[in-house]
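**Student:** Dropping the sequence and predicted coords here.
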Amino acid sequence: MVNASVPFQFIDMLRAAVANAPSTLESERRDLRLLDWNLTTVCYSNANTTGEYECQCEDSFRWSCEICNTFNTCSNESTPTCDCIRGIPPFLQFCEPISVISPCQVPPTEALVDIFLILDPTPNGTEPLEIINQLRTAVVNGSLPFEIEEDLTLINWNLTTVISPCQVPPTEALVDIFLILDPTPNGTEPLEIINQLRTAVVNGSLPFEIEEDLTLINWNLTTACYPNSTGEPLCQCEDSFGWSCDICNTFDVCSTSSTPTCDCIYGLPPFGQFCEPVSIISPCPPPPITESASVNSVLHISTLSIEATEIIEGLRDAVAILPVDITIEVILTNFILTTVCHLNFNNEEQCECGDQYLWPCGICETFGACNSNNMQTCDCINRIPPDGILCVPSVAAACPTESPPTVPPIIDSK
């Protein structure tokens, strides 16, 4: 064994000594002579990795199968056994010449195999159950393991599944049947025919064999469509049936009953659309609750290189794109441009009213009208009024008129 503190050069020195030693070495005892020697095994601590011991065989030497199967190997070579193990084997266990080592036996491979045995027809008319019972007996009493061939041995088996002939269950299908009577036989009223069908549904004898492979086991009258008094088609659901929400929202309804959706519509729905059981119809969602509100909004635009008139025209044109979703629950449906304040060519403040809007009473006199006409109302003033005062509809802008003083009647007493 080589201690981890001894350089690996020492191993190389031993290898060189083996290679260069004279063919015969005599000791002081004349009856003892060294004829040959080999370096077979080197064990050392693998300090560079985990610190565990590794035992490496020299060239042309390998570990026995027993050692390779007992210890973890550190060899990557495809050799009959292995040339490196992790750990120190028992005393006097060393690598052996490859020429005397037998290759390790490959352990047998076990596999679970599913075997299908199909007997169609059964031999000599034997009943299927007889064959199944014979297989069961063979499983219980069979001698195992059983060598099928040199490299294939049956060590265990089980009978898991038996499929025997059986009757195919009948297939059930839900079928929609259209019964169109146009014109009605012998001038019978549509409601009379519907009542006859209702009676047949209630009193009919079921199941009813239509032909050998077709049997009617149940039926329901779900939908009756007929012209009303004005000749307009009307489709009425029978009891416990109703129209889906899509149909109710598409057609005008003629239902007054409290159903999850509706049970009567004006018009004929698309082909294949019938009333459905009330138990499977989801109630229609309530219409969204909408509330309208009028809001005064102030838009401040500063340090722009475009004329104020261009901004005003752009805002007026924006009405054409309405409505606009501001958020999921807030929709802008309309807006009116009432007041525009800006700096005129003289860099003076001016506030103008939109079409059909004027400044309320007293504002024009207080801030001065742009047209220098001291009217009680006007559409333009020379300052921005305080407190968020805006133009109002022209019908509400007029100042109240004062009533003339009442003159008492003059009575001539002459």
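**Tutor:** Everything's here; your move.

**Student:** Show me the strands in the stretch 51-200 of the chain, by range?
**Tutor:** For the stretch 51-200 of the chain, the strands defined by DSSP state E, counting those that start in this stretch occupy 53-57, 61-62, 72-73, 84-86, 96-97, 146-149, 152-154.

**Student:** Give me the sheet partners of the first one and which way each runs.
**Tutor:** Strand 53-57 pairs in its sheet with strand 41-45 (antiparallel), strand 84-86 (antiparallel), by DSSP bridges.

**Student:** looking at those strands, which is buried most?
**Tutor:** Highest mean neighbour count of these: strand 84-86, a mean of 20 (counted as mean count of other C-beta atoms under 10 Å). Where C-beta positions appear, they are placed from N, C-alpha and C, glycine not excepted.

**Student:** which residues are in contact with that strand?
**Tutor:** For strand 84-86, the external contacting residues (C-beta atoms under 8 Å, 6 or more residues apart in numbering) are 52-57, 63, 67-68, 71-75.

**Student:** Leaving out chain neighbours, which residue sits closest to Gly51?
**Tutor:** Nearest non-adjacent residue to Gly51, counting by C-beta to C-beta, 6 or more residues apart in numbering: Ser45, 6.1 Å away.

**Student:** where in the stretch 201-350 of the chain is pLDDT low?
**Tutor:** Counting by pLDDT under 70, the stretch 201-350 of the chain shows low-confidence ranges at 256-259, 287-290, 302-306, 319-320.

**Student:** Centroid-nearest residue for the protein?
**Tutor:** Ser282 (23.0 Å; C-alpha atoms, centre = their mean).

**Student:** if we can go back for a sec, how about the strands of the stretch 51-200 of the chain, which one is nearest Pro393?
**Tutor:** Among those, strand 72-73 comes nearest to Pro393, with 97.0 Å by C-beta to C-beta.

**Student:** Name the residues that touch the closest one?
**Tutor:** Applying C-beta under 8 Å, 6+ apart, the contact partners of strand 72-73 are Cys82, Cys84, Ile85, Arg86, Gly87.

**Student:** what's the closest of those to Leu14?
**Tutor:** Once C-beta to C-beta is applied, the member of the contacts of strand 72-73 that ends up nearest Leu14 is Cys84, at 17.8 Å.

**Student:** Distance of the closest one relative to Ser244?
**Tutor:** According to C-beta to C-beta, to the nearest Å, Cys84 and Ser244 sit 77 Å apart.

**Student:** any chance of the strands paired with strand 53-57 in TSV, plus distance to Phe335 and mean pLDDT?
**Tutor:** Converted to TSV, the strands paired with strand 53-57 look like this (distance: least, C-beta to C-beta, whole Å; pLDDT from 0 to 100):
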stretch	distance to Phe335	mean pLDDT
strand 41-45	88	85
strand 84-86	85	90
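
**Student:** Go through the ones you listed and name the closest to Glu313.
**Tutor:** Closest approach to Glu313 among the strands paired with strand 53-57 (C-beta to C-beta): strand 84-86, 89.5 Å.

**Student:** Quick one: distance of the closest one to the chain centre.
**Tutor:** 53 Å (C-alpha atoms, centre = their mean, to the nearest Å).

**Student:** ok so, going back, looking at the contacts of strand 84-86, which has the most residues close by?
**Tutor:** Comparing these by number of neighbours (other C-beta atoms under 10 Å), Trp63 comes first, having 28 neighbours.

**Student:** Report how far apart the opening and closing residues of stretch 269-282 are.
**Tutor:** Stretch 269-282 stretches 19 Å from its first residue to its last (C-alpha to C-alpha, to the nearest Å).

**Student:** Please put the alpha-carbon coordinates of stretch 352-367 into PDB.
**Tutor:** What follows is stretch 352-367, C-alpha atoms only, in PDB (Å, rounded to 0.1, in the frame of the first residue of the first chain):
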ATOM      1  CA  GLU A 352     -64.800  81.500 -25.200                       C
ATOM      2  CA  CYS A 353     -68.100  79.500 -25.000                       C
ATOM      3  CA  GLY A 354     -69.000  76.700 -27.400                       C
ATOM      4  CA  ASP A 355     -72.000  76.600 -29.700                       C
ATOM      5  CA  GLN A 356     -75.300  77.300 -27.900                       C
ATOM      6  CA  TYR A 357     -73.400  78.200 -24.700                       C
ATOM      7  CA  LEU A 358     -73.000  81.600 -23.000                       C
ATOM      8  CA  TRP A 359     -71.500  83.000 -19.800                       C
ATOM      9  CA  PRO A 360     -74.000  83.300 -17.000                       C
ATOM     10  CA  CYS A 361     -75.400  86.500 -15.800                       C
ATOM     11  CA  GLY A 362     -72.900  89.000 -14.300                       C
ATOM     12  CA  ILE A 363     -69.700  87.300 -15.600                       C
ATOM     13  CA  CYS A 364     -69.500  89.500 -18.700                       C
ATOM     14  CA  GLU A 365     -69.800  92.700 -16.700                       C
ATOM     15  CA  THR A 366     -67.200  91.500 -14.100                       C
ATOM     16  CA  PHE A 367     -64.500  90.300 -16.400                       C
END
